[in-house]
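Enquirer: just to be clear, the model below is a prediction. Sequence and coordinates:
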There are 2 protein chains.
Amino acid sequence: MSETERLTESVKELLEGGRDERLAGLLENAHAADISSVLRELPLPDQVRLFRLLTSQHAGEVLSELDDPTQRELLRALDEQEVSRVLDQMPADDVVEVVEELPKEEAEKILDLMAEEKSEEVQGLLDYREGTAGRLMSPKFVAVHEAATVTQAIEHIRKSKSGDDAFYVYVVDDHDHLVGFVPLHRLLTADPRTPIHVIRNADVESVTVDTDQEEVARLVERYDLVQVPVVDASHRLLGAIGVDDVIDVIHEEATEDIQRLGGVAGDETVLDPPEAVFTKRLVWRLVNLGTAVLAASVIGLFETSIRSLALLAVFMPIVASMGGIGTTQTATVVVRGIALGEVSRHVLGRVLWKELWLGLTTGAANGLVIAVIAYLWKGQVLLSVILGLALLFNMLVAAVVGTLVPIALKAFRIDPAIASSVIITTFTDVFGFFSFLGLATLLIRFLL
Amino acid sequence: MSETERLTESVKELLEGGRDERLAGLLENAHAADISSVLRELPLPDQVRLFRLLTSQHAGEVLSELDDPTQRELLRALDEQEVSRVLDQMPADDVVEVVEELPKEEAEKILDLMAEEKSEEVQGLLDYREGTAGRLMSPKFVAVHEAATVTQAIEHIRKSKSGDDAFYVYVVDDHDHLVGFVPLHRLLTADPRTPIHVIRNADVESVTVDTDQEEVARLVERYDLVQVPVVDASHRLLGAIGVDDVIDVIHEEATEDIQRLGGVAGDETVLDPPEAVFTKRLVWRLVNLGTAVLAASVIGLFETSIRSLALLAVFMPIVASMGGIGTTQTATVVVRGIALGEVSRHVLGRVLWKELWLGLTTGAANGLVIAVIAYLWKGQVLLSVILGLALLFNMLVAAVVGTLVPIALKAFRIDPAIASSVIITTFTDVFGFFSFLGLATLLIRFLL
């Protein structure tokens, strides 16, 4: 049994027994992340009861950890006064994460009820566009003037109550411009009288408030950072983004890619209410219906051939299906490669060559296998050869389509992951039906 | 132009001009991650030439940043003496990452040539199973005895030369058991005479050497850590894993899920040589061929009906295709939900209900649309109704299969992501062909 499961059992027992005081004591010593896992398994009235047993500070931490649908339902069940009191205790960037998920009116009402200073801080962050560094950053960070000594810097840190998650001190000049950073480790081991500008690292990586969050994540990964400073256009230090928020971004982006490749919106969670995702699911299913009708209309062109040789209808989905796996495999590797920054124009030729090589070899192998199976099953030599050839051709089409469509989308600044199987397998469906039924129709007098 | 592109241009210019001295100077001031990006775009002889211009220390950093195929080719082009000299300068955990990718013989030869102490450290790490915390950890960390004072701890840190990426000091007892940690921030702001055990945080999250790397990543995300201590079975501190390595794990796991869902091995990169991935690609393509033949054999049962009504062959792929998008969408959301730890047995009912609801509503909508299209196209009322109904049924099958197959795989400790479209759409292909052609065959005398 995991820690969360144990906690869930204890909480349920205490809730049933009505022992709220004991429960409050248990929760006080539990980690916010664990409490949030327990909460989402409980029915809403119990969620509210448990949430009210937490201190405002702890309640804020738990709220930050909750995922979307649970968070929204819980907030709706609490009164606004109560919510604003909890939000007052949370860091501004965490409040932003909660408030941005709410309907506009509700968000405004809650912000009005919050302490003025905090509310303004939050509204300042909300002014930045979603998905940018500005929206993601915390306005809390430790900065010292470059002329300060190590002793002065340490004194400043002590006063700023920056907390255990401060790992760097940023160095600024007279105009608050970011001019370097000092890891706490270096501050700790330096001579106390040394001026900060002597031990600072001037080669500081930073992002601007407008930087896309994906770009922020790439920087953190590339240079192994645990915190990135955020500056404005004139390089004034405005905030910092911690690696924990960056990890959330990495997850978000991976979820988006995985889901879009599977024909889903990109931000759906397993527990979203079905009404909320109905339209997005339906859109992709309708697009798929459209491409299926297109493929069917190709088959429609060959109705006469099928009437005279019904066997064609038995084999034709095999050609299309193999084109499908070909495009899907290729596009999956290429889309992921693009996301990881491994596909530049210099390597385009190598990638295409690799996929064509694989299309040709696996296509030949699969074509041979299916020709033999078809011959053993139905005993028609020529039809088996046509089937094998159509399959081989389709695998080559798959290699080209699967490589070039995502790369072309990227070039037009469209997310390559929307090159989901729904879209790209249309090419191989259409081509597969066309080549197999077309070849068979051309040679039909030898087949009957 | 990005920083990397600028660097690439300058490097190419200097390489062509033969100005190796200038080049060495340029590289000295560049970040290892950027140099590695430049390297992979160059032809191999230039890679070797450039690599030899780096100091051993810097060369080691660059080598760590290189991705698999480039790294392996470069190592093969250098002589072993040279490689071992570079590896000697790298942290043991980074050497492990390089050596584990090499063929066994080559790896042993290189380890033999390395400095004995470093080589033993590396071999110690290599003894842990791949994908565990032991294999991932660095044997370098800062630990102090619980009885030490803050001043003594700082003195110890100064001597240990732990480097700028130390963010916590671990606290151990007489037997080297991990009993807490102190963030450097707290050490910096505490009274120098305070004993460490007073300011330590006793609630320290740790993993054992056998913990799966995915579990390590989950812990880091859950508790927002920047470093995790690794202990043995008796809780003795052996090493630490930094968040940068955890981010690599998160990427690896996401790549694995994305690729497996797309019917690819899970660790393929865009630049892998085609021969190296041929077998893995072929296996999935053959599995797909098998499932396609299975679906074809269902169609084969209804050859007589198709001979009398070729129109059936035109419409049947639509039913299968819609089942395909249904299972793919559902399985994608469920597999990602499992990976993010959002699917517990308590919510299983809710997830299944959501998917059935979506299957029913979108199935009804799509069924209606296709029935109308089919009627307008071919004018056959009954056939259009059969088509619409078969599509609706298939969407319900898709909801059940897409939800339950990944969850069942997870229950049997098999990666749910191998429930790729290749496998699960077989259900909807077979059921789709069967229901549409079966219904049509039952009612065929009203259709002709």
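Expert: Happy to help now that I have it.
Enquirer: I'd say A:Val369 and B:Gly290 touch.
Expert: No. If you go by CB atoms under 8 Å, A:Val369 and B:Gly290 don't touch, sitting 9.5 Å apart. From N, CA and C alone the C-beta is placed, and that goes for glycine too.
Enquirer: quick one, which of the two is more surrounded?
Expert: Set side by side, A:Val369 and B:Gly290 show more neighbours around A:Val369, with 17 against 14, by other CB atoms under 10 Å in any protein chain shown.
Enquirer: touching chain B at all, the one helix or strand that one maps to?
Expert: Assessed by DSSP states H and E, A:Val369 sits inside helix A:348-378. Yes. Helix A:348-378 reaches chain B (CB under 8 Å from any CB of the partner chain) through A:350-351, A:353-355, A:357-358, A:361-362, A:365-366, A:369-370, A:373.
Enquirer: which members of the residues you listed are classed as buried?
Expert: Among these, those scoring as buried are A:Val351, A:Lys354, A:Glu355, A:Leu358, A:Thr361, A:Thr362, A:Ala365, A:Asn366, A:Val369, A:Ile370, A:Ile373 (criterion: 16 or more other CB atoms under 10 Å in any protein chain shown).
Enquirer: now for those, which pair is the farthest apart?
Expert: A:Val351 and A:Ile373 (31.9 Å; CB to CB).
Enquirer: for the stretch 151-300 of chain A, what spans make up the strands?
Expert: A:168-172, A:178-183, A:207-208, A:227-231, A:237-242 (DSSP state E, counting those that start in this stretch).
Enquirer: what does the stretch 1-150 of chain A give?
Expert: Using DSSP E, counting those that start in this stretch, strands in the stretch 1-150 of chain A cover A:143-145.
Enquirer: which residues of it lie near chain B?
Expert: Residues of the stretch 1-150 of chain A lying near chain B (CB under 8 Å from any CB): A:His31, A:Ala33, A:Glu41, A:Asp67.
Enquirer: who's in contact with the second one?
Expert: Contacts were defined as CB atoms under 8 Å, 6 or more residues apart in numbering or on different chains; by that measure A:Ala33 touches A:Glu65, B:Arg222, B:Tyr223.
Enquirer: for stretch A:373-393, which residues meet the burial criterion?
Expert: A:373-375, A:377, A:380, A:383-393.
Enquirer: let me fix that, I meant to ask about stretch A:306-316.
Expert: Buried residues in stretch A:306-316, counting neighbours by 16+ other CB under 10 Å, are found at A:Ile306, A:Arg307, A:Leu309, A:Ala310, A:Leu311, A:Leu312, A:Ala313, A:Val314, A:Phe315, A:Met316.
Enquirer: what does stretch A:58-76 give?
Expert: A:58-66, A:69-75.
Enquirer: next one: stretch A:294-310
Expert: Buried, per 16+ other CB under 10 Å, within stretch A:294-310: A:Ala295, A:Ala296, A:Val298, A:Ile299, A:Gly300, A:Phe302, A:Ser305, A:Ile306, A:Arg307, A:Leu309, A:Ala310.
Enquirer: end-to-end on that stretch?
Expert: Its start and end residues considered, stretch A:294-310 measures 21 Å (CA to CA, to the nearest Å).
Enquirer: which outside residues touch it?
Expert: A:312-313, A:316, A:320, A:426, A:429-430, A:433-434, A:437-438, A:440-441, A:444, A:447-448, B:303-304, B:306-307, B:310-311, B:313-315, B:317-318, B:321.
Enquirer: which helices and strands does the helix or strand harbouring A:Ala390 pack with?
Expert: Secondary structure from DSSP H and E places A:Ala390 in helix A:381-411. Packing partners of helix A:381-411 (3 or more CB pairs under 8 Å, 6 or more residues apart in numbering or on different chains; DSSP states H and E): helix A:311-339, helix A:348-378, helix A:421-442, helix A:444-447.
Enquirer: what's near enough to touch A:Leu389?
Expert: By CB under 8 Å, 6+ apart, the neighbours of A:Leu389 are A:Gly367, A:Leu439.
Enquirer: measure it to A:Asn366 for me?
Expert: Using CB to CB, to the nearest Å, one gets 12 Å for the distance from A:Leu389 to A:Asn366.
Enquirer: domain ranges for chain A, per the record?
Expert: Domain assignment for chain A, taken from automatic domain parsing, gives A:3-130, A:143-250, A:274-447.
Enquirer: mind putting those into JSON lines with mean pLDDT?
Expert: Compiled in JSON lines, these are given as follows (pLDDT from 0 to 100):
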{"stretch": "domain A:3-130", "mean pLDDT": "88"}
{"stretch": "domain A:143-250", "mean pLDDT": "91"}
{"stretch": "domain A:274-447", "mean pLDDT": "92"}
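Enquirer: neighbours around the nearest residue to A:Phe393 once chain neighbours are set aside, how many?
Expert: The shortest distance from A:Phe393 to any non-neighbouring residue, by CB to CB, 6 or more residues apart in numbering or on different chains, is to A:Ser435 (5.3 Å). When neighbours are counted by other CB under 10 Å, A:Ser435 registers 21.
Enquirer: so how far is chain B from A:Ser435?
Expert: Distance of A:Ser435 to chain B, computed by CB to the nearest CB, to the nearest Å: 15 Å.
Enquirer: ok, now A:Ala147?
Expert: Where chain B is concerned, A:Ala147 sits at a distance of 20 Å (CB to the nearest CB).
Enquirer: please work out which of the domains of chain A is packed deepest.
Expert: domain A:274-447 (a mean of 21; mean count of other CB atoms under 10 Å in any protein chain shown).
Enquirer: distance between it and the chain's centre?
Expert: Offset of domain A:274-447 from its chain centre (CA atoms, centre = their mean, to the nearest Å): 28 Å.
Enquirer: measure it end to end?
Expert: Start-to-end, domain A:274-447 (CA to CA) is 51 Å.
Enquirer: what's the answer for stretch A:147-167, then?
Expert: Across stretch A:147-167, the terminal residues are separated by 20 Å (CA to CA).
Enquirer: so what touches stretch A:264-275?
Expert: By CB under 8 Å, 6+ apart, stretch A:264-275 touches A:40, A:67-70, A:252, A:255-256, A:259-260, A:277, A:280-281, A:284, A:417, B:329, B:332-334, B:336-337, B:342-343, B:347, B:350-351, B:353-355, B:357-358, B:361.
Enquirer: returning to what we had before: the helix holding A:Ala390 to helix A:311-339, inter-axis angle?
Expert: Angle of helix A:381-411 versus helix A:311-339, following axes from the mean of the first three to the mean of the last three CA atoms, to 10 degrees, is 30 degrees.
Enquirer: what angle sits between helix A:381-411 and helix A:348-378?
Expert: If you take the same axes, to 10 degrees, helix A:381-411 sits at 150 degrees to helix A:348-378.
Enquirer: you'd agree A:Glu80 is up against A:Glu108?
Expert: No. At 10.5 Å, A:Glu80 does not count as touching A:Glu108 under the criterion of CB under 8 Å.
Enquirer: and stretch A:85-98, how far apart are its ends?
Expert: 14 Å.
Enquirer: oops, could you answer that again for stretch A:293-311 instead?
Expert: 21 Å.
Enquirer: was I right about A:His145 contacting A:Tyr170?
Expert: No. Counting by CB under 8 Å, A:His145 sits too far from A:Tyr170 to count as a contact (10.6 Å).
Enquirer: what residue in the stretch 301-448 of chain A comes nearest to chain B?
Expert: Residue nearest to chain B within the stretch 301-448 of chain A: A:Thr332 (2.9 Å; CB to the nearest CB).
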